[in-house]
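Participant: Next one to model:
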Amino acid sequence: MELQDPKMNGDLPAGAVGYRQEREGFLHSHNSAPGRKSAEFMDFEGKTSFGMSVFNLSNAIMGSGILGLAYAMAHTGVLFFLALLLCIALLSSYSIHLLLTCAGVVGIRAYEQLGQRALGPVGKVVVAMVICLHNVGAMSSYLFIIKSELPLVIGTFLDMDPKGSWFLNGNLLIIMVSVLIILPLALMRHLGYLGYTSGLSLTCMLFFLISVIYKKFHISCDVGHNETAVESKSPPVHSIQGLNISCEAQMFTADSQMFYTVPIMAFAFVCHPEVLPIYTELCRPSKRRMQAVANVSIGAMFCMYALTATFGYLTFYSSVEAEMLQMYSQKDLLILCVRLAVLLAVTLTVPVVLFPIRRALQQLLFPSKAFSWPRHVAIAVILLVFVNVLVIYVPTIRDIFGVIGSTSAPSLIFILPSVFYLRIVPSEVEPLSSWPKIQALCFGVLGVLFMVISLGFMFFNWATGRSHVSGH
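Facilitator: Numbers count the residues shown, from 1 in each chain. So this is what the prediction gives:
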């Protein structure tokens, strides 16, 4: 809840007090100004342990972006990719530092509320729209995985060719999964119990990583004999422009597809809307303690991402596709188990991703309305219909990663945290000319440049017909 008047940069002395308290690691203070309620970050005591908080935030970070990282490495080179991935991880950690600092100043625990505190009602609308855009992209990527992988899994079990059976059409299957599994879960009023799927999701992804490492030593470099690759509609390896087609790993490389890679990496590290809710539930909460949770979680995901990308790339080299599971044989028993695990994880995650979108839409469109089942159901149905249509007509998962990673990801990681910091931290404590605020300003400018350059090159590739070079 907001504990101070939501005027932009108003009540600066009180804000300065709050800032200094947060710098000292406070969350409960009894030294606030006379007649004013003490600046508390939350109205209840968090009981979630440090380890469980790391577990929850890691699950928030981990997503379908891991399937596209080997493709990103193929278009940048091993060392260049790892350097970029490390930079994105460090910048993501810094942006969480900015968010936690702002939250400590004004006692706000929601991303949308920080937007309203920093920029007024317009800020709340912008933040809610960005979160909706990002979560729609996440839902689309999950459903795209179902569209790509479920026909292969069912076809393998039935010993049938997925392309020759109408009931194994991927578009039909995602509609069935949406109606029979996702929609009933999404219609529930409270989805808190779905948090138990966090362990399942991370376990499935860990199984995926172990399998990728194992298969690296059991698949020869000649991926032209890979069963899935042969049956795929992808262009042959020799038609891929700008890549080395030999079985040698490239340390540094660049081509027209390189500007998809940073958005894919940024997309894979977005967890910022979940940071503040996890902060409120943390046992003995403080800025330093929550920052440690974020650093451990980001570090663990960096290691998992780096290993998955490296071993996936070293298995298929330049021929790796944007959705790496497509590269493996559909008759391989181990990969079949991996596909089942990933399908289960992403299917159960979609309702959780839908829930924040519905909440944001209700706050924007019906802020003073009581709960209504018809409205609750209608929003879920409309969102699922929209996302299904998007997935059916988008050619590759790389386009989803690229567009969302170039718009919502830089907004959530770079632009919005820097704007919040510049607007919320009192100028009496840190003038605009101070080094922390100069850093925050440069951080925001970097996000804007990243968004403009990435979108520009993607639109150029689409206009010139190069965006489908690696499509599947």
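Participant: Was I right to think residue 409 contacts residue 263?
Facilitator: Yes. Here residue 409 lies in contact with residue 263, judged by CB atoms under 8 Å, at a distance of 6.5 Å. For every residue, glycine as well, the C-beta is placed using N, CA and C.
Participant: who has more neighbours, these two?
Facilitator: Shown here are residue 409 and residue 263; by other CB atoms under 10 Å, residue 409 has more neighbours (32 against 29).
Participant: OK, contacts around that one?
Facilitator: 134, 263, 266-267, 269-270 (CB atoms under 8 Å, 6 or more residues apart in numbering).
Participant: So which of the residues you listed belong to helices?
Facilitator: 134, 263, 266-267 (DSSP state H).
Participant: hang on, the earlier thing: ok, of the contacts of residue 409, which one's closest to residue 337?
Facilitator: Checking the contacts of residue 409 against residue 337 by CB to CB gives residue 267 as the nearest, at 26.1 Å.
Participant: what's the burial count for that closest one?
Facilitator: Residues lying near residue 267 (other CB under 10 Å) number 27.
Participant: mind listing what's buried in stretch 422-435?
Facilitator: By neighbour count on 16 or more other CB atoms under 10 Å, the buried set for stretch 422-435 is 422-426, 429-430.
Participant: so the closest residue to residue 142 other than its chain neighbours is in which element?
Facilitator: Distances taken as CB to CB, 6 or more residues apart in numbering put residue 346 closest to residue 142, at 4.0 Å, once the chain neighbours are dropped. Counting by DSSP states H and E, the element that carries residue 346 is helix 333-365.
Participant: That helix: what's the following helix or strand?
Facilitator: That would be, after helix 333-365 and using DSSP H and E, helix 373-393.
Participant: is it true that the residue nearest to residue 142 touches residue 139?
Facilitator: No. Between residue 346 and residue 139 there is no contact under CB under 8 Å: 9.6 Å.
Participant: related to what we said a few turns ago, farthest-apart pair in the ones in helices among the contacts of residue 409, please.
Facilitator: For these, and using CB to CB, no pair is farther apart than 134 and 263, which are 11.9 Å apart.
Participant: shared neighbours, these two?
Facilitator: Shared contacts of residue 134 and residue 263 (CB under 8 Å, 6+ apart): 404, 409.
Participant: sorry, back to before: pick the one among the contacts of residue 409 closest to residue 317.
Facilitator: For those, the minimum distance to residue 317 (CB to CB) is 22.1 Å, reached by residue 263.
Participant: Worst mean pLDDT across the helices and strands of this protein, which element?
Facilitator: When each helix and strand of the chain is scored by mean pLDDT, DSSP states H and E, helix 227-231 comes last, with a mean of 42.
Participant: Dihedrals phi and psi, the residue most central in space within the chain?
Facilitator: Nearest to the mean C-alpha position of the chain, by CA atoms, centre = their mean, lies residue 270 at 4.0 Å. Dihedral angles of residue 270 (phi, psi; degrees, to the nearest 10) stand at phi -80, psi 120.
Participant: which residues sit in contact with it?
Facilitator: By CB under 8 Å, 6+ apart, residue 270 lies in contact with 61, 92, 134, 408-409, 412-413.
Participant: quick one on the thing from earlier: who has more neighbours out of residue 346 and residue 139?
Facilitator: Applying other CB under 10 Å to residue 346 and residue 139 shows that residue 139 carries more neighbours, namely 29 against 24.
Participant: No more questions from me, cheers.
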